[in-house]
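Trainee: The following comprises the amino acid sequence and a computationally predicted model.
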Amino acid sequence: MAQIELQKSQIRQRTCYDRKTKVGAFEKRYEVLVLLPTYSNKLLLQWKGPFEIIGRVRGDDYWIKLVGRTKIFHANMLKKYWNVEHEDKTHRYMFHMPHAIFEPEEGDEDELSLFASAETETYKDVKVNP
């Protein structure tokens, strides 16, 4: 009975985990960014690169050619590098920033104003108990 419930729980947890994961299938000669610690703090990570993939070791591990050396990284530490200069120039990208203009409607004069027109208190008005 307990083993059956344990298996159900494991299946449920695995499906929740698998929803967030992405399969990192990188080909040889791809350029990738690598998640590496910063020089000032080893606990602080940032994306560095681009670096070239030399080959696949096994499973999700890849040989990455760093500056002056090669090292193995797991696919979770890699992100594909998109070079904008080499992309197809026929696609044009337009970014639309939505905006809104609020104008008062008739009969809204009795509602509270959301913004105060002038400050009434300053830091000089604050009284601190000695």
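Mentor: Good, I have the coordinates.
Trainee: For the chain, which segments count as helices?
Mentor: Ranges of helices in the chain, per DSSP state H, are 2-20.
Trainee: pLDDT weak spots in it?
Mentor: Scanning the chain for pLDDT under 70 picks out the ranges 20-24, 85-119, 130.
Trainee: Look through it and tell me its longest strand.
Mentor: Using DSSP state E to define each element, the chain has its longest strand at strand 45-58.
Trainee: What strands line up against that strand, and which way round?
Mentor: Using DSSP bridges, the strands paired with strand 45-58 in its sheet are strand 31-37 (antiparallel), strand 61-66 (antiparallel).
Trainee: Give me the buried positions along the longest one.
Mentor: When neighbours are counted by 16 or more other Cβ atoms under 10 Å, the buried residues of strand 31-37 are found to be 32-34, 36. To be clear about C-beta, it is placed using only N, CA and C from the backbone, and glycine gets the same treatment.
Trainee: Reformat the residues you listed as CSV; add distance to D18.
Mentor: Listed next are the buried residues of strand 31-37 as CSV, based on distance: Cβ to Cβ, whole Å:
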residue, distance to D18
V32, 23
L33, 24
V34, 24
L36, 26
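Trainee: which residues touch Y30?
Mentor: By Cβ atoms under 8 Å, 6 or more residues apart in numbering, the contact set of Y30 is 52-53, 80-81.
Trainee: ok, how many other residues are close to Y62?
Mentor: 25 (other Cβ atoms under 10 Å).
Trainee: Repeat that for L78.
Mentor: 22.
Trainee: ok, it to L33 distance?
Mentor: To L33, L78 is 7 Å away according to Cβ to Cβ, to the nearest Å.
Trainee: cool, and D125?
Mentor: As judged by Cβ to Cβ, D125 and L33 stand 52 Å apart.
Trainee: about what we covered before: do you know which of the strands paired with strand 45-58 lies nearest A25?
Mentor: Among these, strand 61-66 comes nearest to A25, with 10.2 Å by Cβ to Cβ.
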